[in-house]
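Asks: how does the following fold in three dimensions:
(chains A and B)
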Number of protein chains: 2
Amino acid sequence: MDLVAELKKITAEDRVSTNETVLDRHSQDESYHQPSRPDVVVFPLNTQEVSDILRFANQQRIPVVPFGLGTSLEGHVIPYHKGITIDFSMMNKVLEVRPDDFLVTVQPGVTRSQLNKELKKYGLFFSVDPGADATLGGMAATNASGTTSVRYGVMRDQVRDMEVVLADGTVIHTGNKAAKSSSGYHLNGLFVGSEGTLGCITELTLRVYGIPEHIMAARASFPTLDQAVQAVIGILSAGIPVARVELVDEQSVRQVNQFSGTSYKEAPTLFLEFHGNEDGLKQDVAFTKELVFEMGCDDIQFETDTTGRNRLWEARHNLAYAYVHSFPGKKIMVTDVCVPISELAGAIRRAREVVTESGLNGGILGHVGDGNYHVVLMIDRQDPEEMRKAEQVNEHIVEDALARGGTCTGEHGVGVGKKKYQEREHGPAVQVMASIKQALDPNNILNPTKIVDIDRQK
Amino acid sequence: MDLVAELKKITAEDRVSTNETVLDRHSQDESYHQPSRPDVVVFPLNTQEVSDILRFANQQRIPVVPFGLGTSLEGHVIPYHKGITIDFSMMNKVLEVRPDDFLVTVQPGVTRSQLNKELKKYGLFFSVDPGADATLGGMAATNASGTTSVRYGVMRDQVRDMEVVLADGTVIHTGNKAAKSSSGYHLNGLFVGSEGTLGCITELTLRVYGIPEHIMAARASFPTLDQAVQAVIGILSAGIPVARVELVDEQSVRQVNQFSGTSYKEAPTLFLEFHGNEDGLKQDVAFTKELVFEMGCDDIQFETDTTGRNRLWEARHNLAYAYVHSFPGKKIMVTDVCVPISELAGAIRRAREVVTESGLNGGILGHVGDGNYHVVLMIDRQDPEEMRKAEQVNEHIVEDALARGGTCTGEHGVGVGKKKYQEREHGPAVQVMASIKQALDPNNILNPTKIVDIDRQK
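Replies: Residues are numbered from 1 along each chain as shown, chains lettered A, B, ... in the order given. Just a heads-up that it's a prediction; the model follows:
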């Protein structure tokens, strides 16, 4: 059987590639995980083609990996079992905007910034903001989140419906266009975060929001990391509906300044944002100011205009790239645990110790309003000792988070990097996940060996 | 095999009942669906007992129905295949309140009002409010929602973790205590709304909220139902974060006045509530007032004190009971569709026509901020013609909602009443649901024939 010829029959001559550069690009994501090439990359144009590809792959027992833009951080899209990578970059249309319903329907290859550009015309925005300009299909597949989740929720909270192609080529819808439903099992929730192991997303209907009447951003710096974390707990306890509250440690502010040309004070800092009506926002801001000074804040700077605010969030979003830029030749490893807020200060203190003990150089930052923090380590993939140390840091941090009632991954997903912690985190529930995987993909062709293992059939 | 004796061995002599009154009480819910008794009712005290009961039932292929308080509205808890009903009323402890994490852990038999009484001590409240004082286990099983969902979300949005006993007695956790997670498949979402068909919930960790700094309620009346609905769309489009926005038609306001002794103006009315800080709330209220008058509102009354506000919501909550009280001997049938907001006015106009054509007497009300509305019909279960007409009204309304991109049930769930619409609403996704059911409950002992059918094995 000639795999390439068969895929060309299903799609088109010029949308199936075994070009070395193309295979390389689909052999990796943005993480430190070892690359591995697929046999072939195919670029479908529509749902029917995706269905035909899957039906064919299922009959032939060929592994299939769906691919957005490759911005994942745990090796999700690396095709370790070779086979077909389906690249969704040509399915990149915004299909429908329904302003009255605060809904938009898109193809999976649409990126976050592309969507926001379109939505702006309607006075709307899409809330999930993972930093990278990922595709919406990829963001749904990993249940992405980011800076605004403390206010607007994670990717799963925005998905109203998806069109999904199952392993055997069947096309289903996972939801509907109503704001809520108690009908049937919650397939939206199940398929979001399933990382391509249960089906390929070919369309998404997403919740969007009106651009807030008033927005105000601020940077609040503190003598110690611990005081910054305590201030976050104070803000949340007071019930102030912050739209963003990001922790950036001293080292990370330094990276921001170097990479983005800013001159922010190099100290443990909270990047904050408030959304609301004019009067309500003023009261929120005043209350927050009072609170953070009580918690030891020594300086708060407000970004009152759009330019300053955009510069702030662009700098924050470029932080990962700032690290990559400062350590040429190294790869980024980012821990991603999430703990209950009451455990956050302790968890971050412990993380700081673990990093210091390892002798590695690591920055701490995170979406601390959710209890989600990252340790950024820059590592040389060719240096086994450094790799071992970094893995050990990750492991200590995950174990600490699980002991505190948290999770091994707040937003990056499992991929290959967090698979070894699944049993420890979920216990016998892993068997439930494996049963679901087996029921929906009996030949185990969909992104095999990601999230859960089931025995591969011939 | 002596079923009763076996269950007494697992639990205790006095916690297994075949008493006629007890069997009757567990033969029905609050709906019009035909009652049917279980063989036996058992009252477990803890997870271990639930696990032992299920392991035993699974070995013996005995159907099991979990039971909270029986306030469901689609026959969810009626044991049409007889067997064991597990009544969770003795597992009714609030286990832990974690104010800093805005979390509470409860047993499934705790009721909504019991929980709120406990939370008040901490300045917290639980947001989901279906009217009935249901148990939290039951509310999770049906993905309940209600008046506040427009602001705070539905039951599924509040569930952070559950302890669930599977068909074979295995005990799992569906989540963790972190605010977000991208680890593994989303079992929280899957088990919430599964109506006891995938497992029995034995513990829930739920998200709670700080009691808002300021609360204001209002009643806005309109010359026509249509204008009231248009006003809701206006309020939502303007981005005003209403905490509640309930539509109550003229007939239903009359019921409210009769039952609750109020003297509200008998016209199509919106019951509204606003939560926020003092200044923000004032601005929201002023803006809303302006908007509703533009939309034709002829009277708006504010409830400025706690007494007036409580009276308003108590009256709203008692509306179903008001109808039941006015029609002695009749049973309540409540339609429960949910449509995209842009379709709401058209859907409600159509519903009004359908009811008028049927010759039945029906009120219209609903959680219109979500696009979820109810037609309340009072019917005589012994009158086949009235039953047929009511079923037909329900069917027309469901078909209309599905044609508008909505769902057959916004919050009541499937039970037996909405089962016939599952195929029409979900299409081939029903097969995915059946596969999941079969994978997790291969002997089909858990609330069999609810939500989805799989062939019953002997």
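
Asks: can I take it that residue A:182 is in a helix?
Replies: No: counting by DSSP: H, G, I helix; E, B strand; the rest coil, residue A:182 is not found in a helix; it is coil.

Asks: the residue of chain A found nearest chain B: neighbour count?
Replies: Closest to chain B within chain A is residue A:280: 2.0 Å, counting by Cβ to the nearest Cβ. Heads up, the C-betas are built off the backbone N, CA and C, glycines and all. Residue A:280 has 24 neighbouring residues, counting by other Cβ atoms under 10 Å in any protein chain shown.

Asks: could you check the angle helix B:278-294 makes with the strand or helix carrying it?
Replies: Using DSSP states H and E, residue A:280 sits in helix A:278-294. If you take axes from the mean of the first three to the mean of the last three Cα atoms, to 10 degrees, helix A:278-294 sits at 170 degrees to helix B:278-294.

Asks: contacting residues around the following helix or strand past helix A:278-294?
Replies: Later in the chain than helix A:278-294, the nearest helix or strand by DSSP H and E is strand A:299-303. Outside strand A:299-303, the residues within contact range by Cβ atoms under 8 Å, 6 or more residues apart in numbering or on different chains are A:216-221, A:265, A:267, A:285, A:289, A:292-293, A:309, A:311-312.

Asks: which residue is nearest the middle of chain A?
Replies: residue A:144 (3.2 Å; Cα atoms, centre = their mean).

Asks: between the helix holding residue A:280 and strand A:299-303, how many degrees?
Replies: Using the same axes, to 10 degrees: helix A:278-294 against strand A:299-303 is 160 degrees.

Asks: the domain parsing of chain A - what is it?
Replies: A:3-89, A:94-210, A:214-320, A:327-412 (automatic domain parsing).

Asks: mind putting these into TSV with mean pLDDT?
Replies: Output for the domains of chain A, formatted as TSV (pLDDT from 0 to 100):
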stretch	mean pLDDT
domain A:3-89	97
domain A:94-210	97
domain A:214-320	95
domain A:327-412	95
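
Asks: show me which of those domains has the highest average neighbour count.
Replies: Ranked by average neighbour count under the criterion mean count of other Cβ atoms under 10 Å in any protein chain shown, the domains of chain A are headed by domain A:94-210 at a mean of 23.

Asks: CA atoms only: put stretch A:292-299 into CSV for me.
Replies: What follows is stretch A:292-299 as a C-alpha-only set of coordinates in CSV (Å, rounded to 0.1, in the frame of the first residue of the first chain):
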residue,chain,number,x,y,z
VAL,A,292,-1.4,45.6,48.2
PHE,A,293,0.2,48.4,50.3
GLU,A,294,-1.0,46.6,53.4
MET,A,295,0.7,43.5,52.0
GLY,A,296,4.1,45.3,51.7
CYS,A,297,3.9,46.5,48.1
ASP,A,298,6.6,49.3,47.7
ASP,A,299,5.5,50.6,44.3
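
Asks: any idea how far it is from the chain center?
Replies: Using Cα atoms, centre = their mean, to the nearest Å, the distance from the centre of stretch A:292-299 to the centre of the chain it belongs to is 31 Å.

Asks: coming back round to it: which non-adjacent residue is nearest the residue of chain A closest to chain B?
Replies: residue B:280 (2.0 Å; Cβ to Cβ, 6 or more residues apart in numbering or on different chains).

Asks: quick one: the one you found and residue A:274 touch, right?
Replies: No: if you go by Cβ atoms under 8 Å, residue B:280 and residue A:274 don't touch, sitting 10.7 Å apart.
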